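In: Model the following, please.
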Amino acid sequence: MNYQDTLDFLFSQLPMYQRDGKAAYKANLDTTIALDEHFRFPHKMFRTIHVAGTNGKGSVSHMLASVFEEAGYKTGLYTSPHLTDYRERIRINGKKISETFVTRFVEHNRAIITELKPSFFEITVALAFDYFAREQVDIAIIETGMGGRLDSTNIIAPLVSVITNIGFDHTRFLGNTIAEIAAEKAGIIKEETPVVIGEKQPEAMDVYMQKSQQLAAPVNVAPDRFEIQGATISDDFKLQVVDVYDRFLDEVQHWELDLVGAYQSKNLLTVLTTLDVVRGSFPTTPDQVRRGLKHVRCNTGFAGRWQVLQHNPLAVADTAHNKEGLTMVMEQLSNITNSHLHMVVGMVDDKNIPELLSLFPGNATYYFTKPSIPRAFDEKELHRLAADCNLKGEAYATVAEAWQAARNAAKFSDVIFVGGSTFVVAEVV
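Out: Below is the predicted model:
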């Protein structure tokens, strides 16, 4: 079995949410626990930080990993989904897991995989934990896949549990209210383990406080410690400077980020709070934090969030795919003045498509498309629904065709946006 054979097995034989949707979702941790026992509990061999949330959890995870790497710690990073390479999900100090390790892992454990029939996500989590244990990482940043309570990553005993925010995504699994979704995310809170809350949302805060009190888990609310006083993005979209007021120290701090989405300033507060909480176990200096925040993309391979694809015309891709995330991205697009927008947009079929389309600007040219996955929403139907929202454009059968059409039409001073789905972005980055 070579690496491509291994990928074919993982992608085609195991239930996969990106492809199969609900059929790949399991409402318990039984298989995860059985796999963990089979591999002799690798998650107990390294320290962890657990990160959940509707939006921002990937950004927070990558920023934390970059800082710890700059501080000299051997740092594991587990995230999902990947954009172009399966190995993006599992990294140590920014370096992707080797093809050889992936292949040997599947070869050597094919019997247990056949017996337990895990999902794609379950076996990938088991692979990540086994890899981090064998490589003896100092600390691993573990991002949940969906929710938290029943997520396959939720067998770890982290140093701190981080919840970035709550929004309406994956509602068929997580619930239809902020409180219901928050209860699922709050499932990562552990007994007597600190919690960091990234945003104060009243319905969610009630859930967090109740769960934390039950488990005697200290709560740290990022906006209570830090306040954003201003943010500036460079003209070339390479750097963002965020002014943050630290209430404890009574001083304004200036942080430089190479993640230039305006929404990253909120994630920064979550990162700074988390670093403070774990300082006793994993100390970092201000200089290490500064270097880590300024070199996230280089250190961790972070991609897909307000990622500049080209200049003249400016083209940007962003994986935001729910109401809260797209609202922030559309707001940032609206701040780019004197430019006509070309929007390459595709979505998947488990979203409230009309609601999401209502967030997009009317004064743009659209190139409706669909990503190359079974759950993709038909581009012609997307075009039809968009017309009801007064969004004008044409439908294209593939992302490549839509992307090329936008590039052909855009003038020097125009702006091209690519998004609506992680899987659309994956085909252009």
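In: all helices of the stretch 101-250 of the chain, in order?
Out: 110-116, 120-134, 171-174, 178-185, 202-215, 222-225 (DSSP state H, counting those that start in this stretch).
In: go on, the stretch 251-400 of the chain?
Out: 264-277, 286-294, 296-300, 323-334, 353-357, 379-388, 399-409.
In: Need the pLDDT of residue 167.
Out: pLDDT, residue 167: 81.
In: Could you report the neighbour count for it?
Out: Using other Cβ atoms under 10 Å, residue 167 has 21 other residues around it. All C-beta atoms are positioned from the backbone trio N, CA, C, and that covers glycine.
In: Check residue 163 too.
Out: 29.
In: Surely it and residue 184 touch.
Out: No. The pair residue 163 / residue 184 is not scored as a contact, 10.4 Å apart, by Cβ atoms under 8 Å.
In: Overlap of the contact sets of those two?
Out: Contact criterion Cβ atoms under 8 Å, 6 or more residues apart in numbering; residues shared by residue 163 and residue 184: residue 148.
In: and residue 14, what does it touch?
Out: Contacts of residue 14 by Cβ under 8 Å, 6+ apart are 113, 117-120, 123.
In: Setting aside sequence neighbours, what's the nearest residue to residue 327?
Out: Closest residue to residue 327 in three dimensions, ignoring its sequence neighbours and counting by Cβ to Cβ, 6 or more residues apart in numbering: residue 359, at 5.8 Å.
In: And for that neighbour, the neighbour number?
Out: Under the neighbour criterion other Cβ under 10 Å, residue 359 is assigned a count of 17.
In: show me the contacts for the most centrally placed residue in the chain.
Out: In the chain, the centroid-proximal residue (Cα atoms, centre = their mean) is residue 58; its distance is 2.9 Å. By Cβ under 8 Å, 6+ apart, residue 58 lies in contact with 79, 143, 302, 305.
In: if we go to 10 Å?
Out: By Cβ atoms under 10 Å, 6 or more residues apart in numbering, residue 58 lies in contact with 51, 79-81, 143, 164, 267, 302, 304-305, 319, 422.
In: how's this structure carved up into domains?
Out: When the chain is parsed with automatic domain parsing, its domains come out as 3-300, 307-425.
In: How about residue 332, nearest residue that isn't a chain neighbour?
Out: Nearest to residue 332 is residue 262, by Cβ to Cβ, 6+ apart, at 4.6 Å.
In: among the helices of the stretch 251-400 of the chain, which is nearest residue 313?
Out: helix 399-409 (7.8 Å; Cβ to Cβ).
In: picking up where we left off before, specify the stretch among the helices of the stretch 101-250 of the chain that is closest to residue 71.
Out: Ranking these by proximity to residue 71 (Cβ to Cβ) places helix 120-134 first, at 17.6 Å.
In: Tell me the helix or strand right after the least confident helix or strand in the chain by mean pLDDT.
Out: The helix or strand of the chain with the lowest confidence, counting by mean pLDDT, DSSP states H and E, is helix 17-20 at a mean of 49. As assigned by DSSP states H and E, the chain's next helix or strand after helix 17-20 is helix 30-38.
In: Where does residue 77 sit: helix, strand or coil?
Out: What DSSP: H, G, I helix; E, B strand; the rest coil gives for residue 77 is strand.
In: my guess is it meets residue 67, correct?
Out: No. Using Cβ atoms under 10 Å, residue 77 is not in contact with residue 67, being 11.6 Å away.
In: which regions of the chain sit below the pLDDT cut-off?
Out: Counting by pLDDT under 70, the low-confidence segments of the chain come to 15-27, 168-173.
In: Contacts only, for residue 113.
Out: Residue 113 neighbours (Cβ under 10 Å, 6+ apart): 9-10, 13-14, 35, 38, 105-106, 122-123, 126.
In: So how do I select the buried members of those in PyMOL?
Out: Typed into PyMOL, the line below selects the buried ones among these, using 16 or more other Cβ atoms under 10 Å:
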select buried, resi 9+10+14+35+38+105+106+122+123+126
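In: how about the contacts of residue 113 in JSON lines, adding distance to residue 175?
Out: Shown next, in JSON lines, are the contacts of residue 113 (distance: Cβ to Cβ, whole Å):
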{"residue": "9", "distance to residue 175": "34"}
{"residue": "10", "distance to residue 175": "30"}
{"residue": "13", "distance to residue 175": "31"}
{"residue": "14", "distance to residue 175": "26"}
{"residue": "35", "distance to residue 175": "27"}
{"residue": "38", "distance to residue 175": "32"}
{"residue": "105", "distance to residue 175": "35"}
{"residue": "106", "distance to residue 175": "34"}
{"residue": "122", "distance to residue 175": "22"}
{"residue": "123", "distance to residue 175": "27"}
{"residue": "126", "distance to residue 175": "27"}
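In: wait, which of the contacts of residue 113 is closest to residue 418?
Out: Looking across the contacts of residue 113 and measuring by Cβ to Cβ, the closest to residue 418 is residue 10, at 26.8 Å.
In: List the contacts of that closest one.
Out: 16, 86, 102, 106, 113, 120, 123-124, 127.
In: so which of those residues comes closest to residue 385?
Out: Distance to residue 385 across the contacts of residue 10 (Cβ to Cβ) is lowest for residue 16, with 26.6 Å.
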